[in-house]
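Participant: Provide a 3D model corresponding to the input given below.
(3 chains)
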Amino acid sequence: MEHFEQQRYFSTELLQWYVVIKRDLPWRRHRNPYFIWISEIMLQQTRVDTVIPYFNRFIEKFPTVEALADAPEDEVLKCWEGLGYYSRARNLQAAARQVKEQYGGIMPSGKEEVAGLKGVGPYTAGAIRSIAFNLPAPAVDGNVMRVLSRYFLIEEDIMKIRTRKHMEELVMQLIPEGRASDFNQGLMELGALVCTPKSPKCLTCPVMEHCRGRIEGKEDQLPVKTKAKPPRPEYRLTAIVEGTGEHAGKVLIRKRPDTGLLAGMWELPHVPESPDVKPGAYVPLPDEAAADRLGAALNAEHIPASGGEHVMNAEHTFSHIIWYMRVYRYDGQVPEPAAPLVAAEQAAAYETGNYQWIRKEDMERYAFPNVFLRILNDYFE
DNA sequence: TATCCGTGGAA
DNA sequence: TTTCCAAGGAT
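Facilitator: Numbering: from 1, shown residues only, chains lettered A, B, ... in the order given. Just a heads-up that it's a prediction; the model follows:
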């Protein structure tokens, strides 16, 4: 079969298939570019089923670009709580402010304008321009690269940027005149429902007849992809500091810096268990020593904490790190020996606004990463 | 180019 | 249980 013919067949069959079987998803019920944009950011590295409830809550709370631009960042993060990759939320709001100020609150459709928005890369720019505005732009994500690598038997490593660029050129040739929106969505829909990473459902595939990957029996070896490195372990000691006096019944939390891991999120105070753990050479500190180390670290930051009793352990896996956490409970009182010094300085720690005493019901007002939600909910149980 | 950035579902 | 990896972007 001629290459051109193979392409024409693919586009025609895919489009016809998509318009019949396409799923009813919340962001497909409108042509609102703002909604499409929100959905595309949320869908980055995140499954459809996970995104749906977040999307519905988000557009209810922030129905317009301006509503999002004008919201406090903490509220945006709270709405994103549990979804992960929290910089997406912060970049999204920064971009909403860009749209409000530079484009009068109207989502732009131009290539440069869309691609210039914070948090919008090559994929998302193409997705917004094609899906929301039906402009002929490639939206090449993992689904698309999997589908194309199989159908056209492309054995380039999809982790390489030039492979994505190659696929983008291919998609530009494949998009039928005036059908960019449905075609790009169809490509992703096929990858999500039929041309799945494992056990692709070739027998129900609309383009199986001319799929080179399947014909040559290589569908299970495609796409070619370099393996990710396993996450490195980090051993951390975590504190539940119980307030006393005016803070009785409360627990101390702190806000993370606005860059890096879990930026802008709230957490329980925690420190490395030991300064430098060589891989595979972890030796746990005895409980008493661990409690002392963590207590001393808290006091050094002018946080009143005495005692230290092991209450639970927790694990949490990120993309590149795995936290092994040992959790200790403290009384939020100034320890005896250092009392005068600590008492005099402890207030300074709270002046930054980075620390708060909270009750269980106050958790609604702060955005926590899942690992701390689990610990706090378990503790307040 | 390689690393950093979350989470949970599926097999 | 472990492993993979999902509608990626920033640096």
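Participant: closest residue of chain A to DNA strand B?
Facilitator: A:Gly84 (2.7 Å; Cβ to the nearest atom of the strand). The C-beta positions use only the backbone N, C-alpha and C, and glycine is treated the same way.
Participant: now that residue. Nearest residue, chain neighbours left out?
Facilitator: A:Thr46 (7.0 Å; Cβ to Cβ, 6 or more residues apart in numbering).
Participant: same check, this time on A:Gln16
Facilitator: A:Pro206 (7.2 Å).
Participant: contacts only, for the one you found.
Facilitator: With contact taken as Cβ atoms under 8 Å, 6 or more residues apart in numbering, A:Pro206 is in contact with A:Glu13, A:Leu14, A:Gln16, A:Trp17, A:Leu190, A:Val194.
Participant: show me the two of these that sit farthest apart.
Facilitator: Longest distance between any two of the contacts of A:Pro206 is 14.0 Å, between A:Gln16 and A:Val194; criterion Cβ to Cβ.
Participant: neighbour count for those two, which is higher?
Facilitator: A:Val194 (19 against 12; other Cβ atoms under 10 Å).
Participant: I figured that one hits A:Leu203, correct?
Facilitator: No - counting by Cβ atoms under 8 Å, A:Leu203 is not a contact partner of A:Val194; they are 9.4 Å apart.
Participant: how close does A:Phe325 get to DNA strand C?
Facilitator: Let me fix one detail, which is that residue A:325 is Met and not Phe. 17 Å (Cβ to the nearest atom of the strand, to the nearest Å).
Participant: and the closest residue to A:Gln356 other than its chain neighbours, which of the three is it?
Facilitator: Nearest non-adjacent residue to A:Gln356, counting by Cβ to Cβ, 6+ apart: A:Ile253, 5.4 Å away. Reducing the assignment at A:Ile253 to three states with DSSP: H, G, I helix; E, B strand; the rest coil gives strand.
Participant: coming back round to it: okay, the residue nearest to A:Gln16 and A:Phe55: tell me how far apart.
Facilitator: 28 Å (Cβ to Cβ, to the nearest Å).
Participant: ok, now A:Met172?
Facilitator: 29 Å.
Participant: and these two? Which one has more around it.
Facilitator: More crowded of A:Met172 and A:Phe55, by other Cβ under 10 Å: A:Phe55, with 21 against 13.
Participant: would you agree that one falls within a helix?
Facilitator: Yes - assessed by three-state DSSP, A:Phe55 belongs to a helix.
Participant: got the phi and psi for the spatially most central residue of chain A?
Facilitator: For chain A, A:Tyr85 is the residue whose C-alpha lies nearest the centre (Cα atoms, centre = their mean; 2.7 Å). Torsion angles at A:Tyr85 (phi, psi; degrees, to the nearest 10) stand at phi 40, psi 60.
Participant: does it touch A:Gln45 like I think?
Facilitator: Yes - using Cβ under 8 Å, A:Tyr85 makes contact with A:Gln45 at a distance of 6.6 Å.
Participant: helix, strand, or coil at A:Trp357?
Facilitator: A:Trp357 ends up strand, using three-state DSSP.
Participant: which outside residues touch stretch A:144-160?
Facilitator: Contacts of stretch A:144-160 (Cβ under 8 Å, 6+ apart): A:6, A:10, A:142, A:162-164, A:166-167, A:170-171, A:184, A:187-188, A:190-191, A:195, A:197, A:200, A:207, A:210-214, A:216, A:218-219, A:222-226.
Participant: which among these end up buried?
Facilitator: A:10, A:142, A:163-164, A:166-167, A:170-171, A:184, A:187-188, A:190-191, A:195, A:200, A:207, A:210-214, A:219, A:222-225 (16 or more other Cβ atoms under 10 Å).
Participant: near DNA strand C, which residues of the stretch 151-300 of chain A are found?
Facilitator: Counting by Cβ under 7 Å from any atom of the strand, the stretch 151-300 of chain A comes close to DNA strand C at A:Gln185, A:Met188, A:Glu189, A:Gly191, A:Ala192, A:Pro197, A:Lys225, A:Lys227, A:Ala228, A:Pro230.
Participant: those residues in helices, which ones?
Facilitator: A:Gln185, A:Met188, A:Glu189, A:Gly191, A:Ala192 (DSSP state H).
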